[in-house]
Each structure stands twice: as C-alpha cells, then as structure tokens.
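# What follows is a predicted structure for the sequence shown.
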Amino acid sequence: MKEFLKNNKVTYNLMSFTGFKSLLVFSLLLESPKSYLEIKDYFEKNEFIKESISIDTLRVYLTSLRMAGCEIIRAKKTEGSKYRMVSHPFELSLNADQIKSITKVYKALSKNIKLEELILLDKFLYKLAGQLHNKDFKESIEAVSPLFGLDIDLLDELLKCASAKRQVTVEYNSPRSGVKPLEIIIDKLGFNNNKLYLYGTGLEYNQYTYLPVSRINRIIEIKLKNDAITPPENITIGFEVKTKQSEFKLGDDEKIVELKDNSIVAELITSNPFIAKQRVLSLGSACKVLYPEEFKNEIIETLKRMKEGYFLG
Amino acid sequence: MARLSEKYNDSVLKIFELLKLLSNGEAQYFDVINIFADEVDGVKSNSHVILNKYLNTLKIFGLKIKKKKSTYYLLNTPFSIDLTENELRAVLLLKSASEILPEGKSKESFNKFIKELELRYSEKTKVLLQSISPDENFDLSCYFAKFKDRINDCEKYCQEKQKLEISYISGDEFQSIICSPKEVKYQNRKVCFSVYNQLSRQIFDIPIDAIKSIRQLPTISSAPEISMTVVFKLKEPLSKSYKLKEWEYAKGFDEQGNLTVINTNEDFDVLFARLLKYADKCVIVSPKFLKDRMVSIIDKTLENYQD
C-alpha cells in the first residue's frame, strides 16, 4: 500500500498501488502492443506513479495478469519484442443460449425490416462475431440470413443506385447465356420468396424486369446521366380475386378499381407480362383475368399446358 | 504455452478478481467482500477496509462504481467498444424487437447480452447514442405489443410441447385442428403460429390474428414428427436457375435437364402459391393427393374462363 495525495473522487486516501499499476499495464496492452521501454516511459510520466518500473517487476505483473486470465505474448526481437494482449477475461462473449436468442430475434426482424436496415444489422452481427472469434454465432446468423452469400458492399452500391434511379451496367451470370453485361435503370431491390431481386427497366428489351441479386457479379459502370429512352410500353391487366379486401395484399404496381361483395377487381400496370403472369397464377383459382383479351388467352393456354404436364408424364 | 514466472503478485490477482465480479454489471456485497475475507490472516473484520482500498484503486483508475443497498454496479469498463452510428442503430433494432422473446431464460440471456454490450460502450459511443433521437430508431414494439399476449402464449405452448386444439378462421370458414406446436414465425409484419398436424403430416402456419381459441391437451405427441415430403420437378430453364430453400434439397437432374426437388416443412398453401408461379415449368411428383390437388386447382382456374 502506498499513501496518495488527497483525491476528491475518493473517500479514502489509501489505495492498492500495485493493483493500480497492474491496471495500467493491462490498459496499455489493451490499446496496442507495447515494449518494456514504452511501458517504463509511460510509468515515469504518469501523474500518480512518476517512477520507473524494472523489467523484473513488469514480468511479475505480466505473470499475475496471465494468472488472472489474460493471454499475453511477447513478439520476437525482430518485431520489437513488444508484449501483446491476445485475449482477456473481460471480453464480450456469447453463450449458446444467447446465440440462440439473438438468432431468433434476428430471424424475426429480418422478415419485417427494410433492406437497408437488414444490411446494417448483418454488418454489425458479422463484425461482432469476428471480434468475438465466435464461429458458432457467425454460422447461426448465416443459417438464417436472407443476405447470406451476397456481397454486402455490392448491395450497398445497388441500393444507392436504386434511390437515385441510376442507369448501371452490371455483370450478370445468366443461367441461360452465361456471364454477360446487362444495362438496367434500377428501380428498387426487394425480396420475393426469400430471394433478393433487383428490379428496373432493362435496356436490352426496354422492359421492366427483375434479376436475382445472387447472379450479379459486379457493377461495371454507373452512368452519370441516364440515357433518354422511350418509356417501356405498359399493359394494364384487370383481374378479379375472390377474397376480402383485408386479406388481399396489393402489389406495388397494383390498385383496386372495384370492391364487390365477395371479390375485388384490381388493375396491374406493367411492361413485363411475365411478372403479371406469375402474379395472376400465384393467386390460383381465386383469380380470373378480365382484360386484356390477349393476356387472358395467354393465361388460359398456360393453364392448359400446366395440366398437360400432369398427364403427359 | 508460454512459461509462467513463479513470481506473481497477490494484489494484482485480487484487483482483477474484483473487476471480473463487477464486470457482470452488478455484484452483491457478500460476493465482493468474500474476495478479501482472508486478506490478513483470516481476520475478516478488516475486510471492508481492504475492499475500500481496492474500490478506490478502481475509481482512481477511472472506473465508475455505484453502490445501492447491498449491490455494486459498474457503470463503465476499461475495455470499451467503439460503435458507429449504423452499428448503434443495429443494436437499437435488436433491442426494439426483443419483445418477441417469451419471458424466461431466452429473454434473460438476450437482455444480458445487450446489457454487457452497453456496459462496454466507449464515451464516444455513449455521446453518439444520445444524438440518435428516439423517433429515429426502429421501434417495432408497438407492432409486437399488439400480439404480445398471444405470442407469449404460443411460445409457452412450444416449450411445453403438449398437443393443442386450435380454432381459427381461414377465408370465411371456421377451422379446427389437433396439432403439435412448432414455432412462432414472423414474416412481412405478420405473425404465424406454425403447427404440425399428425393426421395430415402437414405444417400449418396459422396467422396469430386468425386464431380464435387454443386449448392445451394433456398429452404430448408420442408418434415421431415426420412431415409430409413433397417432391416436384422443375423444367428448363427454371431448373438451372432455381435456388433451393433452406428446407429443400435437390435430387439431381434427369436426362431432359429436369431438376427433382424434395421439400419438407412448408405450409402447403404457401407452397402451392409458389409452385403455381412456376407455371408449366413445374410438376408435383408426389404425394398423389397433392398432385391431384394441384390438378384440381388448375381445373378450377380454367373453369373461371368457361363463361
């Protein structure tokens, strides 16, 4: 023990001088690896200590810190012989129950929040898993993350482009034609069946389209100014759904045009009949296309082909 | 492993033992004083004096310690974490959704994690936290609160695993099933109680707000839970671009390039809506009754156009 000058912050003027010095060594090593000379220099300049520390005393402190649970190693002479704190008992750690509960909260959140929020949540949790060297935690999040396998930096870029409706060329890995550049004026990014898609007007066919983000390798170019293009030709599809208004979830490009007793008449405006076709078919027998005739016939033909698929083997 | 010098200092061990105890966020006086009980030849009467010296040491070092009744609280730590604004927002997001956890061990361990994390915030992080206004955070608690009681009940049923008789509204019809609870699912701001029906070997995702009543039965399902496996075939080009869901696996391509997919644990209504979207690029292979149901849906849809 050593008597100290009065300090307004404390009730007693006595403290454990050794304990204080060991805390200083601990915090110095937490900051960064330090050599004996650096530690000695710090001790000599510290307002409370103002005295040197011998290498033997430092070794005793380091041994005691190791006994307290710190892992401290000393680098080779060629690397400056610095002492480095590898781990310490106060590090944030996660037990199996915590991993389970965080994953559960994450899983629920991931299906209810915006993509921007999901990205920052994923970034934070992966950073945390990395800092904690916790492989189980990382794997647990990966197993439920809708963004697993996607390049988060690329997503960030695509989101920025979407908010400014920018024209970009992406390198797209097409299942049919292999890797190729695709030009698109990005509208939005969104999930469909747990899969993330990039939506926008494709310039190849001047049609509203969507691409699975997992198939986009990189952004090749972002145009400073979008090309002046003729807006894609839209078709308006009218369809009736046997359901209640409260149970019907309108799509982004849809509006209700008539409410009947047991059904809803809605309109979908799109330049891509394929998107409309998927939407209408997913509603099953509750849905009937009213117009246009051409699209209605296309649905009927598709349904007939679907039925044939079950009888032709 | 590095060789340890034989010489060590007991004061160092004591101060770190004290710090370890306090770094849980709070520590009881009894546990704290026990560290110093045998400090001076077992004379316990001096323990509180020694404890004060060590507490002073921590305070001079810069740690803030508060004592309330017989509990010590550590308000900051020497091992701080710097978080960016986005990282803080992520923590707020997690905190706001913690309401979904049922009361009990799971919620306690989650809250402990948040507490331990917040305890480690650096001064810079604490200042940053103040600058994030409350209305900017992602507070979902109102949404979850709407269903909180029912969610908690369902979580409890999942833990207890007893069979349930659930009455709910589907479409306009009143339905009732005997089932085993599985989990509470959250999707697109909709909460569903996922249950397994032994009779149909089917998973049902029942929207929480559609549930009219749940009656817990005195039995636990004794038969093994084998969900109905649905096998479907995908044709080209979909077969090449299809991304398997986490509850699916592929059985490989046939000579025509068709991909066979094995699916389990998906609510049939959700699965049907999905497979219908694939149009003539998808055919259900088995089980037969689902294959027949799909054909029936196609027939009924075609009937819509026979006027």
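Okay, I see it. Just so it is clear, the model here is predicted, and its values are computed rather than measured. Numbers count the residues shown, from 1 in each chain, chains lettered A, B, ... in the order given.
# Quick one: list the elements packing against the strand or helix carrying A:Val168.
If you go by DSSP states H and E, A:Val168 is part of strand A:167-174. On a contact count with 3 or more Cβ pairs under 8 Å, 6 or more residues apart in numbering or on different chains; DSSP states H and E, strand A:167-174 meets strand A:178-192, strand A:216-222. No exception for glycine: its C-beta is placed from N, CA and C like everyone else's.
# can you give me the helices in the stretch 1-150 of chain A?
Using DSSP state H, counting those that start in this stretch, the helices of the stretch 1-150 of chain A run over residues A:17-31, A:36-45, A:55-67, A:96-110, A:115-131, A:135-144.
# and these as JSON lines, adding mean pLDDT, distance to chain B and mean neighbour count?
Below are those laid out as JSON lines (pLDDT from 0 to 100; distance: least, Cβ to the nearest Cβ, whole Å; neighbours: other Cβ atoms under 10 Å in any protein chain shown):
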{"stretch": "helix A:17-31", "mean pLDDT": "90", "distance to chain B": "4", "mean neighbour count": "20"}
{"stretch": "helix A:36-45", "mean pLDDT": "92", "distance to chain B": "14", "mean neighbour count": "15"}
{"stretch": "helix A:55-67", "mean pLDDT": "93", "distance to chain B": "4", "mean neighbour count": "18"}
{"stretch": "helix A:96-110", "mean pLDDT": "88", "distance to chain B": "4", "mean neighbour count": "20"}
{"stretch": "helix A:115-131", "mean pLDDT": "91", "distance to chain B": "4", "mean neighbour count": "19"}
{"stretch": "helix A:135-144", "mean pLDDT": "91", "distance to chain B": "7", "mean neighbour count": "16"}
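# Can I get the ones you listed in TSV including distance to B:Phe30?
TSV is the format used below for these (distance: least, Cβ to Cβ, whole Å):
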stretch	distance to B:Phe30
helix A:17-31	21
helix A:36-45	36
helix A:55-67	24
helix A:96-110	26
helix A:115-131	33
helix A:135-144	33
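# What is the least confident helix or strand in chain B?
Every helix and strand in chain B was compared by mean pLDDT, DSSP states H and E; the lowest is helix B:141-146, with a mean of 60.
# just checking, next helix/strand downstream of it?
Downstream of helix B:141-146, the first helix or strand assigned by DSSP H and E is helix B:148-160.
# That next one vs helix A:96-110, what angle?
Here the directions of helix B:148-160 and helix A:96-110 differ by 140 degrees (axes from the mean of the first three to the mean of the last three Cα atoms, to 10 degrees).
# wait, does helix B:148-160 make contact with chain A?
No: figure legend: helix B:148-160 not in contact with chain A (Cβ under 8 Å from any Cβ of the partner chain); closest approach 9.9 Å.
# Can you list the strands that the following helix or strand past that helix pairs with?
Proceeding N to C from helix B:148-160, the next assigned helix or strand is strand B:162-170, under DSSP H and E. Counting by DSSP bridges, the strands paired with strand B:162-170 are strand B:173-187 (antiparallel), strand B:211-220 (antiparallel).
# which bits of the stretch 101-250 of chain A sit near chain B?
A:101-102, A:104-109, A:111-113, A:117, A:120-121, A:123-125, A:127, A:143, A:175-176, A:193-195, A:212, A:214-215, A:243-244, A:247.
# what ranges do the strands span in chain B?
Secondary structure of chain B (DSSP state E): strands at B:26-28, B:65-68, B:71-74, B:162-170, B:173-187, B:190-197, B:202-207, B:211-220, B:230-234, B:248-253, B:259-263, B:282-286.
# Mean neighbour count for those - can I get that in CSV?
Listed next are those as CSV, based on neighbours: other Cβ atoms under 10 Å in any protein chain shown:
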stretch, mean neighbour count
strand B:26-28, 16
strand B:65-68, 12
strand B:71-74, 16
strand B:162-170, 17
strand B:173-187, 17
strand B:190-197, 21
strand B:202-207, 20
strand B:211-220, 12
strand B:230-234, 20
strand B:248-253, 12
strand B:259-263, 18
strand B:282-286, 19
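# Rebuild those as a markdown table, extending it with mean pLDDT.
Formatted as a markdown table, the strands of chain B follow (pLDDT from 0 to 100):
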| stretch | mean pLDDT |
| --- | --- |
| strand B:26-28 | 88 |
| strand B:65-68 | 90 |
| strand B:71-74 | 90 |
| strand B:162-170 | 88 |
| strand B:173-187 | 83 |
| strand B:190-197 | 83 |
| strand B:202-207 | 84 |
| strand B:211-220 | 86 |
| strand B:230-234 | 92 |
| strand B:248-253 | 87 |
| strand B:259-263 | 92 |
| strand B:282-286 | 91 |
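# So for B:Lys95, which of those strands sits nearest?
Closest approach to B:Lys95 among the strands of chain B (Cβ to Cβ): strand B:173-187, 16.1 Å.
# which residues are in contact with the closest one?
Under the contact criterion Cβ atoms under 8 Å, 6 or more residues apart in numbering or on different chains, strand B:173-187 has outside partners A:107-109, A:111-112, B:100, B:151, B:154-155, B:157-158, B:161, B:163-169, B:191-199, B:203-205, B:208, B:212, B:217, B:220-221, B:225.
# what angle sits between it and strand B:202-207?
Between strand B:173-187 and strand B:202-207, the angle comes out at 80 degrees (the same axes, to 10 degrees).
# just the angle between strand B:173-187 and strand B:190-197, please?
Using the same axes, to 10 degrees, strand B:173-187 lies at 120 degrees relative to strand B:190-197.
# Show me the beta-bridge partners of A:Ile237.
Residues in beta-bridge contact with A:Ile237 (DSSP bridges): A:Leu268.
# Tell me how far it lies from A:Ala129.
Distance, A:Ile237 to A:Ala129, by Cβ to Cβ, to the nearest Å: 46 Å.
# Looks like B:Ile206 contacts B:Leu164 (just checking).
No: assessed by Cβ atoms under 8 Å, B:Ile206 is found out of contact with B:Leu164, at 10.4 Å.
# okay, and the common contacts of the two?
Shared contacts of B:Ile206 and B:Leu164, defined by Cβ under 8 Å, 6+ apart, are found at B:Val195.
# any idea how far A:Ala75 is from A:Gln131?
The gap separating A:Gln131 from A:Ala75 is 22 Å, by Cβ to Cβ.
# about what we covered before: mean neighbour count, the helices and strands packed on strand A:167-174: which tops it?
The highest mean neighbour count among those, using mean count of other Cβ atoms under 10 Å in any protein chain shown, belongs to strand A:178-192: a mean of 16.
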